[in-house]
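# Provide a 3D model corresponding to the input given below.
(one chain, ligands or ions: 2)
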Amino acid sequence: MLGNFTFYNPVKLIFGKDALKLLAAELIQYGPRVMLSYGGGSIKRNGIYDQVMEILRITGKEVFEDPGVMPNPTIGKLKEGARIARENNVDLILAVGGGSVIDYAKGVAASAWCEEDPWEKFYMREENPSCRIIPVGSILTMVGTGSEMNGGSVITNPDLKLKIGKVFGPENFPKFSVLNPEFTYTVPHYQMVAGFFDIMSHLMEQYFSGEDDNTSDYIAEALMRSLIRNSRIAVRNPRDYEARSNIMWTSTMALNTMTKMGKAQDWMVHMIGQSIGAFTDATHGMTLSAVSLPYYRYIMPYGLPKFVRFATEVWGVDGHGTDAEVAEKGLQAMEAWMKEIGVVLHAAELGVTEDMLDDIAAGAPICTGGYKVLNHDEIVEILRRSM
Ligand code: NZQ
Ligand code: ZN
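Ligands and ions are numbered 1, 2, ... in the order given. Predicted structure coming up:
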């Protein structure tokens, strides 16, 4: 393990069927004014809203509702939320939802008391907050992004067709996150499997780099094996608690920075996927599934030993044949799994058209931590193969 690193993750995770019972003990540590941020209404339909409101009532909170956080939250919505938070001088932002709501809450928390334009400061210039940050707590209802235990805040600017992920420091992580696997039972199949692929992608982005023997890679392999096994069960029976709880914990660990320790990282699939998202507003995980196979087949020759290891350790394929043959068998096994759980395999299905490819490639920053540093034309070629 050759890299230096500092690991610090201050999020208090409260996990399990009874997790919500411990929310009150967290809430009483903050002042009385709570901004409740949530999405398009799923929490009202599945009853989570009523449960949370009751706990807010019992703990004596004054609630400022902030509904309507859309998937792929926009900078316009973020500015609106920052205004609500500031005008009401809230003591806590309680984000109830998936990655979109939690990412948004972190952006609002950093922007409410900031005089500068948040898009320019945080997302374009990637600066850190220089004024008061409102604490955020989260109640997770959909797994995949890991936002419940990291500083990621991905915001879309539809006018500029840019989707940018700011990674805030630990002071902006949720102070606490409540994770009840049962809350994910009502996630629609399409969103559920998109989240599953997002987890896989986070692990692969951190796994496919480096030449040294690194404990972080062994952890990633274990998480990938758990995800593959449990996703198959959850697709057949979405109410299998054991499968949903394993996936929820895997998802959190896949992007709480643990598996990147001591490593360079790739993230090229995410850069291409986010640019597709900026042009199409497609579901995040599906933008990743659409480009992953063409991308990994393209870079495989540059990191062949790792692809052989991925094939044998993660997918359990036999090691007979040349290295290139074994590596390809691993990607074939992944392709079969992707088909089995039902993720999108072609960008055209997301509304991408040939005339967009050049602009999508231009909107994807080039990453240097993986096995191959791509140029613009190579990104266009990968996109073309993904169609
Ligand atoms: O809005 P509502 O009505 O709540 O419906 C949501 C939404 O339509 C629905 N949903 C969530 N929980 C549900 C549910 N429906 C029924 N029952 C439930 N229990 O699912 C839909 C998608 O939700 P969303 O939050 O958008 O999904 P996800 O968690 O995948 O978040 C995606 C966003 O996170 C960013 C993505 O780019 C995207 O903007 N990411 C954040 C990362 C981070 N913080 O580190 C990293 C990721 O790579 C990713 O980029
Ligand atoms: Zn992702």
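# use CA for all of it now, contacts and neighbours both
Fine.
# Quick check: residues of the protein near ligand 1?
Contact residues, the chain versus ligand 1 (C-alpha under 6 Å from any ligand atom): 39-43, 70-72, 97-101, 103, 141-147, 152-154, 183-184, 186-188, 191, 195, 284.
# Going through those, which ones are buried?
For the residues of the chain next to ligand 1, a burial check counting by 16 or more other C-alpha atoms under 10 Å picks out 39, 43, 71-72, 97-101, 103, 141-147, 152-154, 183-184, 186-187, 191, 195, 284.
# So which of the residues of the chain next to ligand 1 belong to strands?
Counting by DSSP state E, the residues of the chain next to ligand 1 place Gly97, Gly152, Ser153, Val154 in strands.
# residue boundaries of the strands in the protein?
Assigned by DSSP E, the chain shows strands spanning 12-15, 33-38, 62-66, 92-97, 136-140, 152-157, 162-167, 176-179.
# counting contacts, what elements does the fourth one pack onto?
The one in question is strand 92-97. Here strand 92-97 touches strand 33-38, helix 99-111, strand 136-140, going by 3 or more C-alpha pairs under 8 Å, 6 or more residues apart in numbering; DSSP states H and E.
# How about residues contacting it?
Residues from elsewhere that reach strand 92-97 (C-alpha atoms under 8 Å, 6 or more residues apart in numbering): 30-31, 33-39, 43, 101-102, 105, 109, 134-142.
# now swap in the third one and tell me
By C-alpha under 8 Å, 6+ apart, the list of residues contacting strand 62-66 from outside reads Pro32, Arg33, Val34, Met35, Leu36, Ser37, Tyr38, Leu56, Gly81, Ile84, Asn88.
# In CSV: the ones in strands among the residues of the chain next to ligand 1, plus pLDDT.
Listed next are those as CSV, based on pLDDT from 0 to 100:
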residue, pLDDT
Gly97, 98
Gly152, 98
Ser153, 98
Val154, 97
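# Which single one of these is nearest to Val269?
Proximity of those to Val269 (C-alpha to C-alpha) peaks at Val154, which lies at 15.0 Å.
# Could I get the contacting residues of the closest one?
Counting by C-alpha under 8 Å, 6+ apart, the residues that Val154 touches are Asn72, Pro73, Ser100, Asp103, Tyr104, Lys163, Ile164, Gly165, Lys166.
# How many residues are close by the closest residue in space to His189 that isn't next to it in sequence?
Closest residue in space to His189, ignoring its immediate chain neighbours: Val235 at 7.8 Å, by C-alpha to C-alpha, 6 or more residues apart in numbering. Neighbour count of Val235, defined by other C-alpha atoms under 10 Å: 18.
# from memory Val235 sits against Met338, does it?
No. Look at Val235 against Met338 with C-alpha atoms under 8 Å: they stay out of range, at 11.5 Å.
# hmm, back to that, among the contacts of strand 62-66, name the buried ones.
Using 16+ other C-alpha under 10 Å as the burial test, those include Pro32, Arg33, Val34, Met35, Leu36, Ser37, Tyr38, Leu56, Gly81, Ile84 as buried.
# Run through the bridge partners of the fourth one.
According to DSSP bridges, the residues that bridge with Met35 are Phe64, Ile93.
# Could you pull up the contacting residues of it?
Going by C-alpha under 8 Å, 6+ apart, Met35 touches Val63, Phe64, Glu65, Asp66, Ala85, Val90, Asp91, Leu92, Ile93, Leu94.
# what does the fifth one give?
Taking C-alpha under 8 Å, 6+ apart as the criterion, Leu36 is in contact with Val63, Phe64, Glu65, Asp66, Pro67, Ile93, Leu94, Ala95, Val96.
# And Asp217, by the same measure?
Shown in contact with Asp217 (C-alpha under 8 Å, 6+ apart): Tyr207, Thr259.
# try 6 Å this time
For Asp217, the contacting residues are Tyr207, by C-alpha atoms under 6 Å, 6 or more residues apart in numbering.
# State the distance from it to Phe310.
Asp217 is 10 Å from Phe310, where distance means C-alpha to C-alpha, to the nearest Å.
# What of Ile133?
Remark: distance between Ile133 and Phe310 (C-alpha to C-alpha) = 41 Å.
# neighbour-wise, which of these two wins?
Taking other C-alpha under 10 Å, Ile133 and Phe310 do not tie; Phe310 has more neighbours (23 against 20).
# Show me the residue at the heart of this protein, geometrically.
Geometric centre of the chain, nearest residue: Thr145, 2.0 Å, by C-alpha atoms, centre = their mean.
# Could you tell me how far it is located from Ala25?
As judged by C-alpha to C-alpha, Thr145 and Ala25 stand 26 Å apart.
# quick one: the nearest residue to Leu20 once chain neighbours are set aside and Leu23, what's the gap?
Using C-alpha to C-alpha, 6+ apart and skipping residues adjacent in sequence, the residue nearest Leu20 is Val178, 6.5 Å away. From Val178 across to Leu23, the span is 7 Å (C-alpha to C-alpha).
# try Glu80
Noted for Glu80: a distance of 27 Å to Leu23, by C-alpha to C-alpha.
# quick one, which of the two is more surrounded?
Leu23 (21 against 13).
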